[in-house]
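Student: I would like the atomic coordinates for the input below:
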Amino acid sequence: MAENVNVPDDAFEPLGKEDHLDNEKIAAPSLTFTQDAWRRLKKNKIAFVSMWILLVIFALALIGPVISPHQPNNAQPAYTNLPPKIPGVHIPGLDGTKSVDGGRVNAYTAQHVPAGKYWILGTDYLGRDLLSRIIAGTRVSLAVALIATLLDLTVGIGYGLISGWRGGRTDLILQRIIEILSSVPNLVYMILLLVVMKGSLLSISLAIAISGWTTMARLIRAETLTLKSQEYILAARTLGESSWKIAMRHLIPNMSSVIIIQTMFTIPSAIFFEAFLSYIGIGIQPPTASLGTLISDGQKNFQFLPFQMWYPAIVLMVIMICFNLFADGLRDAFDPRSRE
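Tutor: From the prediction side, this is the model:
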């Protein structure tokens, strides 16, 4: 048995604060993957500002029927082609004047508009309020894009999971189908479908989704081929988990970053295709407003009334740029190695 050893009291001395023995201590907070991605996204100022701009646009489009100063389809023939007017602003282009024969003419006085009546962004060729129609058109364009993206996600994720998980002959056949579909230009699918179904919210969404799901399917297939050989997937299969549960609990959660990033690139693409189809006359049909129809109508009077085209074109441009900048920021946040 060991003998007790008495240690004198002066054998130990308290350490002072200047000794700093915990310099190697890791003091960083514990963050989940989502929290870490959010932290990186906030550091990307351009992407973060773009996100807030998109949120504001979505909010304005959503509450558009409440905040719109006029009914978007309410025609007033007596007040056609009026320029923008903001009370108290004396800037050409925003003061209710327009250029006529080299001079500025007050269009509101010339068309006998009652005092106190004005349109912030002017009126179109039927006297409809351009601001109200831009808000309504933005809502329609965003709705088409979101429906098309939802269909794209549903078909693309399911198709890619089946192709990558089953492999072998199933994967071979499914990939050949994608190659055949990809060999035909997207515009051909859209035109053929819209000729049959006519231009409506659902038909345009279907046309965009049918031609756009293949990219998502290929990305999901590639991720599935990578993940299905991981140890935790093999362990789940060994324990008898069904393919459905493995996909829901393991595959899709681990592919969430790829899905989110691709979705952010899909939405602006769908918005552009909707605007393009409406611009050439086979998309949303009048009198329903969309950004494409507004740009098409404004282009007809662009030489004399450029504001009718500029304002919806600016809104479309801002949405496209912000979505792409936000998608770039999400890609960097979810996968920091992509910046290297």
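Student: mind checking what helix or strand follows the helix or strand of the chain with the lowest mean pLDDT in sequence?
Tutor: Using mean pLDDT, DSSP states H and E, helix 186-197 stands out as the lowest-scoring helix or strand of the chain, at a mean of 76. As assigned by DSSP states H and E, the chain's next helix or strand after helix 186-197 is helix 201-227.
Student: give the next helix or strand downstream of that following helix.
Tutor: helix 231-238.
Student: now that next one: buried residues?
Tutor: 233, 236 (16 or more other CB atoms under 10 Å). All C-beta spots, glycine's among them, are computed from the backbone N, C-alpha and C.
Student: residues in contact with it?
Tutor: 227, 245-246, 249-251 (CB atoms under 8 Å, 6 or more residues apart in numbering).
Student: give me that answer again for 10 Å
Tutor: 165, 224, 227-228, 230, 241-243, 245-246, 249-251, 254 (CB atoms under 10 Å, 6 or more residues apart in numbering).
Student: just the residues you listed now: which is nearest I295?
Tutor: Using CB to CB, T224 is the member of the contacts of helix 231-238 that lies nearest I295, at 40.2 Å.
Student: in TSV: the contacts of helix 231-238, plus pLDDT.
Tutor: Formatted as TSV, the contacts of helix 231-238 follow (pLDDT from 0 to 100):
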residue	pLDDT
W165	90
T224	91
L227	89
K228	87
Q230	87
E241	86
S242	87
S243	86
K245	89
I246	88
R249	86
H250	87
L251	88
N254	85
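Student: wait, which of those residues is closest to E179?
Tutor: Nearest member of the contacts of helix 231-238 to E179, counting by CB to CB, is T224, at 18.1 Å.
Student: so what's that closest one up against?
Tutor: T224 neighbours (CB under 10 Å, 6+ apart): 157, 160-167, 171, 233, 247, 251-252, 254-255.
Student: so the residue lying closest to L54 once chain neighbours are set aside is in which element?
Tutor: Counting by CB to CB, 6 or more residues apart in numbering, C322 is the residue found nearest to L54 once chain neighbours are left out, at 5.1 Å. Per DSSP H and E: C322 is located in helix 307-334.
Student: buried sites along the least confident helix or strand of the chain?
Tutor: Result for helix 186-197 [16+ other CB under 10 Å]: buried residues 186, 189-190, 193-194.
Student: is T109 in contact with D95, as I believe?
Tutor: No - with contacts counted by CB atoms under 10 Å, T109 stays clear of D95, the gap being 11.6 Å.
Student: so these two - more neighbours on which side?
Tutor: Between T109 and D95, counted using other CB atoms under 10 Å, D95 has the larger neighbour count: 18 against 11.
Student: show me where pLDDT drops low in this protein?
Tutor: 1-3, 5, 7, 9-29, 199, 336-340 (pLDDT under 70).
Student: now with 50, please.
Tutor: Scanning the chain for pLDDT under 50 picks out 340.
Student: show me where it has helices.
Tutor: 33-43, 45-62, 64-67, 107-110, 130-166, 168-182, 186-197, 201-227, 231-238, 243-246, 252-254, 256-279, 291-300, 307-334 (DSSP state H).
Student: ok now the last one, how far from the chain's centre?
Tutor: Right, helix 307-334. Averaging C-alpha positions (CA atoms, centre = their mean, to the nearest Å) puts helix 307-334 8 Å from its chain's average.
Student: alright, that wraps it up for me.
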